[in-house]
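A.B. asks: return atomic coordinates for the entry below.
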Amino acid sequence: MGFTVDARRIAELPLIHGDPYKIMGLATGLAHSGSQRLDRPYEPTHIVGFAFDGTRSNRSDLLIDGAPSTATANANEVIATYVPPSDLVQEFKVQTASFSPETGHSAGVISVVTRSGTNELHGSLFEFVRNDKFDAANYFFNATGTKKPVLRYNQFGGAIGGPVYLPKVYDGRNRSFFF
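C.D. replies: So this is what the prediction gives:
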């Protein structure tokens with residue numbers, strides 16, 4: 001059993017802080033068990049804070065292009081060592097049951113596949129904006145006459161990929177790529 005998130009979903013769904021792991025919770029059988037206060041950009045400690053099909057949380061395995069990307073902290077809880085930007089992720093799959101033997105020791109498996117370059121130069125730019133001018137006032141703030149707190153948050157980023165090409169030294173078209 002599992003849930004695959006492809007590049008189209010990553011590009012079109014709203015992602016808090018541009019974190020592709022934020023939509024993991026859409027998978028059947030997952031329950032977030034971490035602190036909701038750990039909603040910081042690219043915070044690695046809460047990525048695997050999910051319980052898979054009723055198992056203990058923070059016991060899942062995270063693979064990026066097949067290589068483990070986890071470490072332990074805080075009483076042997078499993079944490080992510082790297083949170084890739086959403087523009088770097090081609091797709092990821094959340095497996096909640098029936099793992100292959102090499103990952104059978106985990107309560108769940110998150111497998112990430114990153115993008116690679118092509119023969120054409122491609123790129124993207126983005127800005128993630130949060131601003132109190134765009135937000136509605138909290139119901140309880142309205143009831144008590146409290147003013148909204150000031151919020152200014154702008155996160156910029158981008159990605160670029162293409163062939164490795166060094167004039168008169170190396171032509172990597174159809175062979176070597178960067179992203």
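A.B. asks: mind listing what the residue lying closest to F177 once chain neighbours are set aside touches?
C.D. replies: Residue nearest to F177 in three dimensions, not counting chain neighbours: G117, with 2.9 Å by Cβ to Cβ, 6 or more residues apart in numbering. To be clear about C-beta, it is placed using only N, CA and C from the backbone, and glycine gets the same treatment. G117 is in contact with G161, G162, P163, V164, F177, F178, F179, counting by Cβ atoms under 8 Å, 6 or more residues apart in numbering.
A.B. asks: distance of G117 relative to R173?
C.D. replies: 10 Å (Cβ to Cβ, to the nearest Å).
A.B. asks: shared neighbours, those two?
C.D. replies: P163.
A.B. asks: what distance separates the helix or strand bottoming out on mean pLDDT in the chain from the centre of its chain?
C.D. replies: Every helix and strand in the chain was compared by mean pLDDT, DSSP states H and E; the lowest is strand 77-80, with a mean of 76. Centroid separation for strand 77-80 versus its chain: 14 Å, with Cα atoms, centre = their mean, to the nearest Å.
A.B. asks: for stretch 120-137, same thing?
C.D. replies: 16 Å.
A.B. asks: now do stretch 107-125
C.D. replies: For stretch 107-125, the distance to the chain centre is 12 Å (Cα atoms, centre = their mean).
A.B. asks: tell me which residues in it are buried?
C.D. replies: A107, G108, V109, I110, S111, V112, V113, R115, G117 (16 or more other Cβ atoms under 10 Å).
A.B. asks: hang on, the earlier thing: quick one: which of the contacts of G117 is nearest to A67?
C.D. replies: Nearest to A67 among the contacts of G117 is F179, at 16.3 Å by Cβ to Cβ.
A.B. asks: beta partners for the residue nearest to the closest one when sequence neighbours are not counted?
C.D. replies: If the residues on either side of it in the chain are set aside, F179 comes closest to G161, at 3.7 Å by Cβ to Cβ, 6+ apart. Applying DSSP bridges to G161 gives these bridge partners: H122.
A.B. asks: tell me how far D19 lies from S176.
C.D. replies: D19 is 30 Å from S176, where distance means Cβ to Cβ.
A.B. asks: which one's more surrounded, these two?
C.D. replies: D19 (21 against 12; other Cβ atoms under 10 Å).
A.B. asks: thinking the more buried one is in contact with V83, fair?
C.D. replies: Yes: the criterion here is Cβ atoms under 8 Å, and D19 meets it with V83 at 6.2 Å.
A.B. asks: what is the burial count for the closest residue to A11 other than its chain neighbours?
C.D. replies: When the adjacent residues along the chain are set aside, A11 lies closest to S86, with 7.7 Å between them (Cβ to Cβ, 6+ apart). Residues lying near S86 (other Cβ under 10 Å) number 23.
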